[in-house]
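A.B. asks: Got a predicted model here, sequence first, then my questions.
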Amino acid sequence: MKLQQLRYLVEVAQAGLNFSQAAENLFTSQPGISKQIRLLEDELGVDIFVRNGKRVVGVTEPGRRILIIAERVLLEAKNLKDAGREFSNQNVGALTIATTHTQARYVLPAVVARFAERYPLVKLILHQGNPITVAEEVVAGRADLAIATEGLDQFADLRVLPCYEWNRCVVVRPDHPLLSRGKITLKELAALPLITYDFAFTGRSKINQAFEHLGLEPNVVLTALDSDVIKTYVELGMGVGVIAAMAFDPIRDTGLRAIDVSHLFENSTTRIGIRRGAFLRQYTLDFIEMFAPHLTEAVVKAALD
């Protein structure tokens with residue numbers, strides 16, 4: 001049995017049983033993967049995949065158990081390598097962060113700059129996606145940390161730690177009548193064409209819940225995956241934007257005005273997700289503390305334990 005066979009096995013499962021996609025992800029050939037998985041099945045004496053002719057159509061019951069063990073073995077193999085690197089050279093390596101656009105664009109730049117100054121020999125990689133994709137990146141071992149507001153608590157393989165709370169603002173053009181009113185109500189907002197986040201993104205569920213609680217149906221005319229796109233269409237006059245307050249910059253967004261609406265919506269919490277059982281190198285622990293100062297090394301290690 002070889003670690004490479006386990007890698008092939010896990011990658012095929014993560015690729016939705018698509019051997020060609022798994023081969024592309026691993027920069028190898030599809031026949032090579034098929035051969036190695038067959039050899040592994042022969043050695044274990046069980047079929048891992050359900051086959052219909054030459055097609056793989058499912059995972060057997062023994063295969064599901066084997067996949068869980070294979071993922072654990074690969075994680076521990078990675079932990080061994082990371083532990084060796086930690087003690088041989090603490091300031092060299094790579095750190096992959098999976099996160100959403102809002103975090104990458106508006107929150108992380110200052111943290112990344114501090115981290116790069118402190119660890120110039122550590123390669124920092126950002127993977128952007130929706131919260132579910134972000135979580136899956138860490139669960140699959142393709143990223144070290146997940147940073148998002150939604151979705152992380154849906155994954156049992158992640159240990160999720162709260163970082164900070166935030167709320168929303170409404171963005172409008174400088175001539176919009178909302179600017180001349182007092183505190184906006186949800187009823188007023190529901191009557192306007194709204195532009196906000198896609199359902200999977202950045203606290204959208206809190207927005208929906210607020211309207212539903214009052215029996216209101218918001219007139220959402222456009223959804224987008226990130227704040228910059230929302231602001232662009234607000235500037236075009238297509239509607240009123242509801243975005244994370246952190247995503248409005250009065251210096252950059254000169255064509256827009258922001259109105260605080262934190263009284264309308266519950267706070268959202270941005271969290272960090274760490275794969276259970278992962279070995280965290282010192283620079284990873286330092287990055288976490290830079291991002292959320294209350295998540296000290298002692299707090300993170302205690303949470304993981």
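C.D. replies: Right, received. Where do you want to start?
A.B. asks: Secondary structure element holding residue 274?
C.D. replies: Using DSSP states H and E, the element containing residue 274 is strand 268-275.
A.B. asks: Pairing partners for that strand, with directions?
C.D. replies: The partner list of strand 268-275 in its sheet, established with DSSP bridges, is strand 145-148 (antiparallel), strand 158-166 (antiparallel).
A.B. asks: Of those strands, flag the one that's most buried.
C.D. replies: Ranked by mean neighbour count, the strands paired with strand 268-275 are led by strand 145-148 with a mean of 26 (mean count of other Cβ atoms under 10 Å). All C-beta atoms are positioned from the backbone trio N, CA, C, and that covers glycine.
A.B. asks: what comes into contact with that one?
C.D. replies: Applying Cβ atoms under 8 Å, 6 or more residues apart in numbering, the external contacts of strand 145-148 come out as 95-100, 103, 108, 131, 134-135, 137-138, 152, 158, 163, 270-274, 284, 287-288, 291.
A.B. asks: Go ahead and confirm residue 206 touches residue 266.
C.D. replies: Yes - using Cβ atoms under 8 Å, residue 206 is in contact with residue 266, at 5.2 Å.
A.B. asks: thinking again about what came up before, any idea of the mean pLDDT in the strand holding residue 274?
C.D. replies: pLDDT averaged over strand 268-275 equals 94, rounded to a whole number.
A.B. asks: where does the stretch 1-150 of the chain dip in pLDDT?
C.D. replies: Residues of the stretch 1-150 of the chain meeting the criterion pLDDT under 70: 79, 85-89.
A.B. asks: Going along the chain, name the helices of the stretch 1-150 of the chain.
C.D. replies: Taking DSSP state H, counting those that start in this stretch to define them, one finds helices in the stretch 1-150 of the chain at 3-14, 19-25, 30-44, 61-88, 101-102, 108-118, 131-139.
A.B. asks: how about the second one: buried residues?
C.D. replies: Of the residues in helix 19-25, those scored as buried under the neighbour-count criterion (16 or more other Cβ atoms under 10 Å) are 19, 22, 23.
A.B. asks: Which residue, other than its chain neighbours, is closest to residue 99?
C.D. replies: Setting aside the residues directly before and after it, residue 99 is nearest to residue 147 in space (Cβ to Cβ, 6 or more residues apart in numbering), at 4.1 Å.
A.B. asks: sorry, back to before: quick one: the strand holding residue 274 to helix 61-88, angle?
C.D. replies: For the pair strand 268-275 and helix 61-88, the angle between their directions (axes from the mean of the first three to the mean of the last three Cα atoms, to 10 degrees) equals 90 degrees.
A.B. asks: in stretch 273-290, what's buried?
C.D. replies: Neighbour counts over stretch 273-290 (16+ other Cβ under 10 Å) mark 273-275, 278-281, 283-290 as buried.
A.B. asks: Fine, thanks again, bye for now.
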